[in-house]
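Engineer: can't give you the sequence, but here's the structure:
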């Protein structure tokens, strides 16, 4: 990668992060897009590969969210039943 592209990439990525943290979303996303466009111009094969595999990535993300949701439901059920049992045991004495 040429030096000017490295500088452009670092500058736009850094400025994008700063603007997003300052809640200036439009400008931050615009500079983030410029940063990604710079990367895509340098590595078109990699971006094409990622684009082809995007459905697989989305499916994995959905599976992860499903597992996290089920785990949260189980924890809620456990804490609810445990709290009720403890409270009922306390009242029965």
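Structural biologist: Received the coordinates, thanks. Note that the structure is a prediction, hence the values are computed from the model and not measured.
Engineer: now do the helices in this structure.
Structural biologist: 3-21, 25-42, 44-52, 54-92 (DSSP state H).
Engineer: tabulate these in TSV, adding columns for mean neighbour count.
Structural biologist: (Each C-beta comes from the backbone N, C-alpha and C, glycine too.) Below are these laid out as TSV (neighbours: other C-beta atoms under 10 Å):
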stretch	mean neighbour count
helix 3-21	14
helix 25-42	15
helix 44-52	11
helix 54-92	10
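Engineer: make a markdown table out of those and add mean pLDDT.
Structural biologist: Shown next, in a markdown table, are these (pLDDT from 0 to 100):
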| stretch | mean pLDDT |
| --- | --- |
| helix 3-21 | 90 |
| helix 25-42 | 91 |
| helix 44-52 | 92 |
| helix 54-92 | 82 |
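Engineer: domain ranges for this protein?
Structural biologist: For the chain, automatic domain parsing gives the domain ranges 1-52, 55-93.
Engineer: the longest one: end-to-end distance?
Structural biologist: Same thing as domain 1-52. Across domain 1-52, the terminal residues are separated by 24 Å (C-alpha to C-alpha, to the nearest Å).
Engineer: just how off-centre is that domain within its chain?
Structural biologist: Computed by C-alpha atoms, centre = their mean, to the nearest Å, the chain-centroid distance of domain 1-52 equals 17 Å.
Engineer: repeat for the last one
Structural biologist: Its chain's C-alpha centre and that of domain 55-93 lie 22 Å apart, by C-alpha atoms, centre = their mean.
Engineer: centroid residue for this protein?
Structural biologist: The residue lying closest to the centre of the chain (C-alpha atoms, centre = their mean) is residue 61, at 9.5 Å.
Engineer: now for that one: which residues touch it?
Structural biologist: The neighbourhood of residue 61, defined by C-beta atoms under 8 Å, 6 or more residues apart in numbering, contains no residues.
Engineer: how far away is it from residue 55?
Structural biologist: Residue 61 sits 11 Å away from residue 55, going by C-beta to C-beta, to the nearest Å.
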